[in-house]
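A.B. asks: Build the 3D model from these lines:
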Amino acid sequence: MTTMNEIERAAEAFSKARSTLTEQVAALTAEIDAAKRARMRAIRAAVARAAEKRDELEQLVTDGRELFAKPKTRTLHGIQVGYKKQPGGLEIPDEAATLARIKKMFADDDAALQLLVRTKETPVKDALADLSGDQLKKLGVKVINDSDKVVIKAVDGEVDKVVDALLKGAGEEE
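C.D. replies: Modelled structure (predicted):
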């Protein structure tokens, strides 16, 4: 039979192992942040230059519209340039009026009505969860997966979210 002293010793061992892991994750995070800071100025400059060059290319393609009659696009230096047909969208300014017209136009065609008009009724689980067990039973709703689960969770800071994710990932890999 397990004793509370055994559980306490195991919790202490887990806490120490977790602290070591937390230190390693914190060191990695600090290195990543330092690398980001070291490269950020160059990255921002590269983003600005790429955006500027893209804008220049877009203007040239716009000005040379006649060059893209056929074919509508060309790939140059790994960059596709030209024009592409965009799908049009549907705008329904007055849904109620449109629904009424659909029902009138397709009154004798149930299949068309089912395709053109969506009707869906479903129970709202979030609202049902607020009902009592007796009410749920009367409605024929079963409560599933309602059980206790072992919990082992640190009660400390922000780095621990990363540690928890790593530990969870390690458990899933096994």
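A.B. asks: any idea how far the residue nearest to residue 71 when sequence neighbours are not counted lies from residue 15?
C.D. replies: Excluding the flanking residues, the one nearest residue 71 by CB to CB, 6 or more residues apart in numbering is residue 82, at 7.2 Å. Quick note: C-beta positions are derived from backbone N, CA and C, even for glycine. Using CB to CB, to the nearest Å, we find residue 82 at a distance of 61 Å from residue 15.
A.B. asks: Looking at these two, which one has more neighbours?
C.D. replies: Between residue 82 and residue 15, counted using other CB atoms under 10 Å, the more crowded position is residue 82 (16 against 10).
A.B. asks: so that one sits right up against residue 75, yeah?
C.D. replies: No. In this structure residue 82 lies outside contact range of residue 75 using CB atoms under 8 Å: 9.1 Å.
A.B. asks: what's the neighbour count on residue 53?
C.D. replies: Neighbours around residue 53, by other CB under 10 Å: 10.
A.B. asks: phi, psi of it?
C.D. replies: Torsion angles at residue 53 (phi, psi; degrees, to the nearest 10) stand at phi -70, psi -40.
A.B. asks: and if you look at residue 30?
C.D. replies: In terms of degrees, to the nearest 10, the main-chain angles of residue 30 are phi -60, psi -40.
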